[in-house]
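*Asks:* sequence first, then the predicted structure, then my questions.
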Amino acid sequence: MMRAATQPIKRIAENLEGSGYAVVPAFLDAEVCTALAAECRALAAAGSLRPAAVGRGAGRGERPELRGDRTQWLDPAAATPAQAAYWRAMEALRVALNRALLLGLDELEAHFALYPPGARYVRHRDRFRDDDARVLSSVLYLNPDWRETDGGALRLYLPHASPSPADILPRAGTLALFLSAEVEHEVLPAARERLSIAGWFRRRAQA
């Protein structure tokens, strides 16, 4: 069901080290992605996905003009079979990247994200100014038969690579990885519903 063990870790590590991001096609089998997409849609139908917020502390709140997705955090202790496949694949990736790059990745937090047609997330970084725990951001896409004309790309602004941004289409099974502290990014509006699991590999909190 999962293909993490077959992924070219050396190439992924080289891309992260060289340009700050990597794209892994077919990270999970199609049937797992189909099951995860169905679970995300079922949560949406049940009203379990909540509008995502932006900001920290007293300034945190819903700003749909800045961020239009709805989310629910995943709990690995209560995972469905499809979610368990995702957690296993991401754990194998965590171990392999720690060996290759010594990133100190300790744990993963992740949530389902559903963007309705036309929704976006404006340019931002994933690491907070007052919290440096997030090291590596990830997005696993769950959208079958996605066409370039559907829009909805993840646009990465790369500080040490090409002056042009990199656009990643949200095709089912594709995993996007990028350095949380360095890579600004945005989610462009799409003509159709856009599903994913967004995750962040975190370092261990300092005592």
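*Replies:* Perfect, thanks for sending it.

*Asks:* got the residue ranges for the strands in the protein?
*Replies:* 21-24, 50-51, 70-73, 105-115, 121-124, 134-141, 154-157, 166-168, 175-179, 184-187, 194-203 (DSSP state E).

*Asks:* which other helices and strands contact the second one?
*Replies:* Contact partners of strand 50-51 among helices and strands, from 3 or more Cβ pairs under 8 Å, 6 or more residues apart in numbering; DSSP states H and E: strand 70-73. (Each C-beta comes from the backbone N, C-alpha and C, glycine too.)

*Asks:* name the residues of the strand it packs on that are buried.
*Replies:* Along strand 70-73, these residues count as buried under the neighbour rule (16 or more other Cβ atoms under 10 Å): Arg70, Thr71, Gln72.

*Asks:* residues in contact with the second one?
*Replies:* Taking Cβ atoms under 8 Å, 6 or more residues apart in numbering as the contact definition, Thr71 lies against Leu49, Arg50, Ala52, His111, Phe112, Ala113, Leu114, Ala198.

*Asks:* quick one, which of the strands of the chain is packed in tightest?
*Replies:* Most buried of the strands of the chain by mean neighbour count (mean count of other Cβ atoms under 10 Å) is strand 175-179; its value is a mean of 24.

*Asks:* residues in contact with it?
*Replies:* For strand 175-179, using Cβ under 8 Å, 6+ apart, the contacting residues are 12, 16, 20-24, 27-28, 135-141, 154, 156, 168, 185.

*Asks:* gap between the two ends of stretch 186-204?
*Replies:* Start-to-end span of stretch 186-204 (Cα to Cα, to the nearest Å) is 27 Å.

*Asks:* angle of the lengthiest helix in the chain against strand 134-141?
*Replies:* In the chain, with assignment by DSSP state H, the single longest helix is helix 81-101. Orientation note: helix 81-101 sits at an angle of 140 degrees relative to strand 134-141 (axes from the mean of the first three to the mean of the last three Cα atoms, to 10 degrees).

*Asks:* isn't Val32 up against Ala84?
*Replies:* No: if you go by Cβ atoms under 8 Å, Val32 and Ala84 don't touch, sitting 9.7 Å apart.

*Asks:* the two - which one has more neighbours?
*Replies:* Neighbour totals were compared for Val32 and Ala84, and Val32 leads with 24 against 14 (other Cβ atoms under 10 Å).

*Asks:* which residue, other than its chain neighbours, is closest to that one?
*Replies:* Spatial nearest neighbour of Val32, excluding adjacent residues (Cβ to Cβ, 6 or more residues apart in numbering): Ala85 at 4.9 Å.
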